[in-house]
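J.: Would you be able to build a 3D model of this:
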Amino acid sequence: MCRHLGYVGPPVGVGELVMRGPHSLYAQSWAPADMRAGGTINADGFGVAWWRRADIGVDAPRDTVTRYRNQAPIWTDPAVAEVLGQLESRSVIAAVRSATVGMPLERSACAPFTDEHWAFSHNGVIPNWRTTLVSVLADLNEIFAAAPQDVDPAAVAAAESSSPASLFSSPAVLLQAEALTDSAALWVLLRGLLRAITPAGPITSPADAVQLLVGLVLRHQPNARLNLLLGNGVQLWATTCWHALSVLVADDYTVLSSEPYDADPRWQPVGDRQVVAAVPGHCTITDLELPATERVRS
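T.: Reported below is the predicted structural model:
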């Protein structure tokens, strides 16, 4: 599979974080310790996303995300030290990739996947992902079609294609994926859920979005491996499903990582089937709520 890492806290060197510790994400690319039968090394590319202040968004300025990706092994790219080492950010998401057999080895297939102020990484695999995600799309269409629609006058003026009910109305939406991979297609669905967040629901927060998506995928494909990592520059969200994740909470920063990068005793493993929400200096971990039928299957 892959290894990924997320940080939120005071400004940190982007390259330094990727290379931090004797078991850094950089080192995990060739010497991972806990792949759980998901491969042996992570040599099929890498990516790093970080945030900078920009006036985007409707309500207030937000941090917009920037990324760097390469389909080559991370240890072959001097930009990690020479370029990323010169950058600082209050939040970072990084990933090294171990491609699933049959999926393309190309830059566009490397996480993080981004959209405005969001960045996303998926450590895992969805067997038969094309048919599985089409079924998930149909479930989402049914959920949003049944939900009350926003009748605010400003919303009425919005384009029909931007309404939540239409985000999942056609399998063609999956063609928006950057690459022909399960992770890229999964990001299309999660991105749609994030755009559909409203106080009235059915999605009211990023945690709701990742939890609903994981639950629906597992309903159709119980053997899916779904360690998701999502960030917006000020907060991180993650799920655990089959693969490892650990959290380090310090006074003013929090790190989520597939594997601890050092021997700091503050590292704590996250159990399976959990949802994690992290801000600087604080982290909450709750059970991943799944449909009753899925609890029986798993």
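J.: Can you find the helix or strand in the chain with the smallest mean pLDDT?
T.: Across the helices and strands of the chain, mean confidence by mean pLDDT, DSSP states H and E is lowest for helix 153-156: a mean of 40.
J.: Please identify which helix or strand holds Arg248.
T.: Wrong residue type there; residue 248 is Leu, not Arg. Leu248 is part of strand 246-249, with elements assigned from DSSP states H and E.
J.: what does that strand contact?
T.: Strand 246-249 is contacted from outside by 254-260, 264, 266-270, 276, 278, 281-283, 285, using CB atoms under 8 Å, 6 or more residues apart in numbering. Any C-beta I mention is one placed from the backbone N, CA and C, and that applies to glycine too.
J.: Tell me the buried residues within those.
T.: With burial judged by 16 or more other CB atoms under 10 Å, the buried subset of the contacts of strand 246-249 is 254-260, 267, 270, 276, 278, 283, 285.
J.: bridging residues for Asp115?
T.: For Asp115, the beta-bridge partners under DSSP bridges are Trp118.
J.: That one and Ala49, how far apart?
T.: Relative to Ala49, Asp115 is positioned 11 Å away (CB to CB, to the nearest Å).
J.: More neighbours: those two, which one.
T.: Set side by side, Asp115 and Ala49 show more neighbours around Ala49, with 27 against 14, by other CB atoms under 10 Å.
J.: My guess is that one contacts His117. True?
T.: No. Taking CB atoms under 8 Å as the definition, Ala49 is not a contact partner of His117, at 10.5 Å.
J.: okay, and the common contacts of these two?
T.: Applying CB under 8 Å, 6+ apart, one finds that Ala49 and His117 are jointly contacted by Val65.
J.: Pull the distance from the strand holding Leu248 to the chain's centre.
T.: Mean-position distance between strand 246-249 and its chain equals 17 Å (CA atoms, centre = their mean, to the nearest Å).
J.: Alpha carbons only: can I get that strand in CSV?
T.: The C-alpha trace of strand 246-249 is given here as CSV (Å, rounded to 0.1, in the frame of the first residue of the first chain):
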residue,chain,number,x,y,z
SER,A,246,-0.3,6.5,15.0
VAL,A,247,-0.8,10.0,16.5
LEU,A,248,1.6,12.3,18.3
VAL,A,249,0.0,15.1,20.3
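J.: Downstream of that strand, the next helix or strand is which one?
T.: Downstream of strand 246-249, the first helix or strand assigned by DSSP H and E is strand 254-257.
J.: Let's verify Asn123: helix, strand, or coil?
T.: strand (DSSP: H, G, I helix; E, B strand; the rest coil).
J.: Spit out the contact partners of it.
T.: Residues counted as contacts of Asn123 (CB under 8 Å, 6+ apart) are Met1, Cys2, Arg3, His4, Ala95, Arg225, Asn227, Leu228, Leu229, His243, Ser258.
J.: hmm, 10 Å instead?
T.: 1-4, 35, 38, 42, 95-98, 111, 183, 225-229, 238-245, 258 (CB atoms under 10 Å, 6 or more residues apart in numbering).
J.: how close does it sit to Leu228?
T.: 8 Å.
J.: Common neighbours of these two, please.
T.: Common neighbours of Asn123 and Leu228, counting by CB under 10 Å, 6+ apart, are His4, Ser183, Ala238, Thr239, Thr240, Cys241, Leu245.
J.: Was I right to think the fourth one contacts Gly124?
T.: Yes. Applying CB atoms under 10 Å, one finds Thr239 in contact with Gly124, separated by 9.5 Å.
J.: Fine, thanks again, bye for now.
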